[in-house]
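Student: Build the 3D model from these lines:
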Amino acid sequence: MRLAAVDVGTNSTRLLVADVADGRITAEHAREMVITRLGRGVDRTRRFDPAALARTLDVLGGYAATCDRLGVEAVRVVATSATRDARNREDLAAGVRQRLGVTPEVLTGDQEAAATFAGATAGLPGAGRTLVVDIGGGSTELIIGGRPLPGPDAMISLDIGCVRLTERHLHTDPPTPGELARLRADARAHLDRVTAVLDPASADRVVGVAGTVTTVAAIALGLPRYDPERIHLATIDAAQIAATADLLCAMTVAERAALPVMAPGREDVIAAGALLLSEICKLLGFMQIMPSEADILDGVLLGHGR
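Tutor: Presented below is the predicted three-dimensional model:
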């Protein structure tokens, strides 16, 4: 079947169109991402900003046209952290129904984690125990389990992400040492919960997904442009991640925007995301991370009809 998955996230709105047979993706026809910042202000107001909602729905209208053009047979739309928190989430649901003809599924943190693990591990070579780290705009998920079976056996969703941490702590351009210290402290307070739920040291490998991780990887690798093939399943050392986070935190927003690998709209939140990734490596003892271009979108697509 030709299927479509749409992920309405806190920072970006994304589409994957692919053919699926026998529980695997056999051909990919579109993978698109637009930073719409649906979660702008939600941490403070618990409501969608009207302009952010309008941007998101406009992008979803374009995705509907893409699905029609590509002959998609079924569409699945999921929404994550910002929508979980927004009291006016029905405004988004009504707009999705109008444009795509389906009601969006508002995933719980555990459902988001499970879909992310399924997508991130579906194409991994070999077996072994895998820990997946997903830094989003509003939340961060850590999921651990066997590969290929039996799948995830422990997961945790934390209410920290690149948008949420930026809005809470980074108000100067570039951020001040005090702001960065407060961000680190906030991240550590949440990350202190992880080891009560799962054992990071039991993982044979750590896979990082979503735009923060892949952008940090692109910078650490010194890529002249964003190249998914070079990024996917590369190996990035914790020291490279820490150095990249320091570099980004020292830059202004305009300087980050000028980096050739930076997606438009990510430049103001990437410093917070990179610092969070560095703190994850430091506190949980990860020596290296493999960035993956496969993530929750792939898991949502493979979960059609389940």
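
Student: Skipping its backbone neighbours, what lies nearest residue 52 in space?
Tutor: residue 40 (4.7 Å; C-beta to C-beta, 6 or more residues apart in numbering). Where you see a C-beta, it was placed from the backbone N, CA and C, and this is true even at glycine.

Student: Assign the one you found to one of the three secondary structure states.
Tutor: Under DSSP: H, G, I helix; E, B strand; the rest coil, residue 40 falls in the coil class.

Student: pretty sure it is touching residue 163, no?
Tutor: Yes - at 7.3 Å, residue 40 counts as touching residue 163 under the criterion of C-beta atoms under 8 Å.

Student: In terms of neighbours, single out the busier of these two.
Tutor: residue 163 (28 against 21; other C-beta atoms under 10 Å).

Student: which non-adjacent residue is nearest the more buried one?
Tutor: Using C-beta to C-beta, 6+ apart, the nearest residue to residue 163 is residue 137, at 3.8 Å.

Student: Which pLDDT value goes with that neighbour?
Tutor: Residue 137 is assigned 91 on the pLDDT scale.

Student: And for residue 68?
Tutor: For residue 68, pLDDT reads 97.

Student: Let me know how buried it is, in neighbour terms.
Tutor: Close neighbours of residue 68, defined as other C-beta under 10 Å, add up to 9.

Student: Please, which helix or strand holds it?
Tutor: Secondary structure assignment for residue 68, by DSSP states H and E: helix 50-70.

Student: Please compute how far that helix lies from its chain's middle.
Tutor: In terms of C-alpha atoms, centre = their mean, to the nearest Å, the centre of helix 50-70 is found 19 Å from the chain centre.

Student: For it, buried residues please.
Tutor: 52-53, 55-57, 59-60, 63-64, 67 (16 or more other C-beta atoms under 10 Å).

Student: just curious, which of those is nearest to residue 92?
Tutor: residue 53 (6.4 Å; C-beta to C-beta).

Student: Quick check, the closest one in contact with residue 95.
Tutor: Yes - Residue 53 is in contact with residue 95 according to C-beta under 8 Å; the separation is 7.3 Å.

Student: So residue 143: helix, strand or coil?
Tutor: strand.

Student: In contact with it, which residues?
Tutor: Under the criterion of C-beta atoms under 8 Å, 6 or more residues apart in numbering, the neighbours of residue 143 are 113-114, 116-117, 131-132, 134, 152, 154-155.

Student: What helices and strands are in contact with the helix holding residue 68?
Tutor: Helix 50-70 makes packing contacts with strand 2-8, strand 12-21, strand 24-35, helix 89-100 when contacts are defined by 3 or more C-beta pairs under 8 Å, 6 or more residues apart in numbering; DSSP states H and E.

Student: How about the contacts made by residue 30?
Tutor: 15-17, 66, 70.

Student: Distance check, it against residue 198.
Tutor: As judged by C-beta to C-beta, to the nearest Å, residue 30 and residue 198 stand 34 Å apart.

Student: go on, residue 272?
Tutor: 24 Å.

Student: who's more crowded, those two?
Tutor: residue 272 (32 against 20).

Student: which one is residue 225 nearest to, not counting chain neighbours?
Tutor: Excluding the flanking residues, the one nearest residue 225 by C-beta to C-beta, 6+ apart is residue 260, at 5.3 Å.

Student: burial count for that neighbour?
Tutor: What residue 260 shows, counting by other C-beta under 10 Å, is a neighbour count of 10.

Student: ok, which stretches of the stretch 151-300 of the chain are strands?
Tutor: All strands of the stretch 151-300 of the chain, identified by DSSP state E, counting those that start in this stretch, fall at 152-158, 205-209, 236-237, 288-292.

Student: Great, nothing more from me.
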